[in-house]
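> From the sequence below, what's the structure:
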Amino acid sequence: MSAVTSPPPKLLTAEEYLALPDDGRITELVKGVIVEMPSPSSTHGYVLTKFSLHLSLYVLQHDLGRVVSGDAGVVTERGPDTTRGPDVAYHSYERVPRGPLPDGYWPTPELVVEVRSPSERTSRVMAKVGEYLAAGVRVVLVAWPEQTTIMAYSEEFFNRSFGVGEDLVLPELFPDFRVPVRTFFE
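Below you'll find the model as predicted:
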């Protein structure tokens, strides 16, 4: 007797995923399949907000582009498609020109910030870092609230660590951006 197998699920494109109705779940599209994400903690939301605030103030003050937060989708792979929801992202006016906001997914941002949740495995975080860099993100920041540390990753350097007694600097993107790391965790 042969076993009955069900057909594999239909893989979604990033555009099909974007068009789905909001069912209240937190999800990402990974290689065409919807993956549910855990609900973030208050600490996660706080650190995310601090990054969004400091980056937004800097970008607005210097008229450089736009900062988005709250899991705004970034397409990191095509065929099958992967759409990640970074905690914070920066898009320069070179990538997303001034004027009306474009529909759909915006071009790849220059900067992505991910705040690691306690339940998130390090291997999963690093896989996302690799995806972002391969997609054209220039700098990926990963905040580790438990260690009060921020790691920076780029194609230009392997990684840099910023501890609680240091300032976060991003000379590749913002020559005079400087914020004490402790600001993000207090």
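
> so what's the backbone phi/psi at residue 64?
phi -100, psi -30 (degrees, to the nearest 10).

> From residue 16, how far off is it?
32 Å (CB to CB, to the nearest Å). Backbone N, C-alpha and C define where each C-beta goes, glycine included.

> repeat for residue 106
Counting by CB to CB, the gap from residue 106 to residue 16 is 18 Å.

> of these two, who's got more company?
Comparing residue 106 with residue 16 by neighbour count (other CB atoms under 10 Å), the higher total belongs to residue 106, at 18 against 13.

> OK, contacts around the closest residue to the more buried one other than its chain neighbours?
With sequence-adjacent residues excluded and distances taken as CB to CB, 6 or more residues apart in numbering, residue 106 is closest to residue 96, at 5.1 Å. Residue 96 makes contact with 65, 66, 102, 106, 107, according to CB atoms under 8 Å, 6 or more residues apart in numbering.

> Specify the beta-bridge partners of the first one.
Beta bridges link residue 65 to residue 92, judged by DSSP bridges.

> surely it meets residue 93?
Yes - at 4.8 Å, residue 65 and residue 93 qualify as touching, with contact defined as CB atoms under 8 Å.

> Flag the shaky bits of this protein, pLDDT-wise.
1-4, 6-8 (pLDDT under 70).

> Stretch 140-147: which residues count as buried?
For stretch 140-147, burial by neighbour count (16 or more other CB atoms under 10 Å) applies to 140, 141, 142, 143, 144, 145.

> contacting residues around the second one?
Applying CB under 8 Å, 6+ apart, we find residue 141 in contact with 51, 111, 112, 113, 114, 150, 151, 152, 153, 168.
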